[in-house]
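Chemist: quick one, structure for this:
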Amino acid sequence: MKMKVMKVMKVWELLLILSCVSADNQHEDLGIVGCSESDGEDMYALDGEELYYADFTNKRAVYPQPDFIDPIRYGEGAFQNSQAALETCKQNLKVAQQAYKNIPRRLDPPSSPMIYLKDDVEFGVQNTLICHVTGFFPAPVEVSWTKNGEKVTEGTSINVPYPNTDGSYRQTSRLEFIPQQGDIYRCRVTHPALTEPLTRMWDVEVHQQQPGVGPAVFCGLGLTVGLLGVAAGTFFLIKGNECS
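Modeler: Numbering: from 1, shown residues only. Next comes the predicted model:
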């Protein structure tokens with residue numbers, strides 16, 4: 001195994017990134033411990049998929065992958081280890097703030113969010129609306145949802161910031177909902193580099209699929225062409241008989 005270690009320091013945040021790549025470059029794992037004066041992150045990923053992260057707000061370990069794939073578990077002490085790593089990060093942050101003063105703060109705004117459904121629209125059935133944001137620095141972004149202009153908090157979630165190869169971050173927020181005709185949903189993204197929030201809209205009526213319309217049109221066209229062909233053949237057959 002070949003080990004690569006990269007350290008990135010900012011004015012208000014210290015981020016440690018540990019990447020391990022196999023000799024044949026088939027797999028890549030990533031561990032992140034990051035902190036600010038008021039927040040922190042501890043996560044582990046393999047091949048771009050989050051396997052574990054610490055929820056410091058609710059004080060618990062989170063395993064984002066579904067149970068049916070038999071995901072990895074790190075035992076009961078996983079969150080306690082994350083807490084210890086967070087305290088170490090904050091101590092290192094204090095040292096870095098004293099050593100590096102008046103460093104210009106880097107601010108990269110996120111690109112326009114992408115909003116889309118996890119599955120095809122089906123009324124009366126729970127679905128997941130996804131709002132994906134990328135290209136921002138520092139992390140995190142804040143994502144909020146509205147339904148017909150009213151703020152929605154139930155059924156919402158957001159993953160921990162995930163680093164891109166260029167040093168920026170990406171995050172994905174999800175909204176569990178039941179599509180109803182005419183409902184309008186909005187994803188609103190805020191970040192220190194933005195002068196105003198970015199908003200994307202998803203309209204149930206606009207995005208409703210019309211199954212069977214395409215095949216019906218093509219069948220109608222095919223039937224029409226077929227009938228014209230039969231009529232033309234009958235005409236020439238009659239003319240041929242008259243000439244003989």
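
Chemist: got the contact list for residue 113?
Modeler: 131-133, 143, 187, 189, 198-200 (C-beta atoms under 8 Å, 6 or more residues apart in numbering). For every residue, glycine as well, the C-beta is placed using N, CA and C.

Chemist: among those residues, which two are most distant?
Modeler: 132 and 199 (14.2 Å; C-beta to C-beta).

Chemist: out of these two, which sits in the more crowded spot?
Modeler: residue 132 (18 against 14; other C-beta atoms under 10 Å).

Chemist: per-residue confidence at the nearest residue to that one once chain neighbours are set aside?
Modeler: Nearest residue to residue 132, sequence neighbours excluded (C-beta to C-beta, 6 or more residues apart in numbering): residue 114, at 4.6 Å. In the predicted model, residue 114 carries a pLDDT score of 95.

Chemist: pull out the buried residues from stretch 168-180.
Modeler: Within stretch 168-180, the residues scored as buried using 16 or more other C-beta atoms under 10 Å are 168-175, 177, 179.

Chemist: next one: stretch 52-70
Modeler: Within stretch 52-70, judged by 16+ other C-beta under 10 Å, the buried ones are 52-54, 56, 61-62.

Chemist: dump these to CSV, plus secondary structure.
Modeler: Below are the buried residues of stretch 52-70 laid out as CSV (DSSP: H, G, I helix; E, B strand; the rest coil):
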residue, secondary structure
52, strand
53, strand
54, strand
56, coil
61, strand
62, strand
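
Chemist: just give me the closest of the residues you listed to residue 76.
Modeler: Nearest member of the buried residues of stretch 52-70 to residue 76, counting by C-beta to C-beta, is residue 61, at 8.6 Å.

Chemist: next, the contact list for that closest one, please.
Modeler: Taking C-beta under 8 Å, 6+ apart as the test, what residue 61 contacts is 52, 54-55, 74, 78-79, 82.

Chemist: so which of those belong to strands?
Modeler: 52, 54-55 (DSSP state E).

Chemist: just those residues now: which is nearest residue 99?
Modeler: Closest to residue 99, out of all of these and judged by C-beta to C-beta, is residue 54, at 26.9 Å.

Chemist: give the contact list for that closest one.
Modeler: Contacts of residue 54 by C-beta under 8 Å, 6+ apart are 40-43, 60-62, 78-79, 82-83, 86.

Chemist: what is the burial count for the residue nearest to it when sequence neighbours are not counted?
Modeler: Setting aside the residues directly before and after it, residue 54 is nearest to residue 82 in space (C-beta to C-beta, 6+ apart), at 3.5 Å. Neighbour count of residue 82, defined by other C-beta under 10 Å: 25.

Chemist: do you know how far residue 82 is from residue 160?
Modeler: Distance from residue 82 to residue 160, counting by C-beta to C-beta, to the nearest Å: 11 Å.

Chemist: what do you get for residue 104?
Modeler: In terms of C-beta to C-beta, residue 104 sits 26 Å off from residue 160.

Chemist: just for the chain, where's the confidence low?
Modeler: 1-25, 206-244 (pLDDT under 70).

Chemist: for the spatially most central residue of it, give the beta-bridge partners.
Modeler: Centroid-nearest residue in the chain, with C-alpha atoms, centre = their mean: residue 172, separated by 3.2 Å. Note on residue 172: beta-bridge partners by DSSP bridges are residue 132.

Chemist: list the contacts of residue 202.
Modeler: 115-117, 129, 184-187.

Chemist: quick one: secondary structure of residue 106?
Modeler: Residue 106 - assigned by three-state DSSP - is coil.
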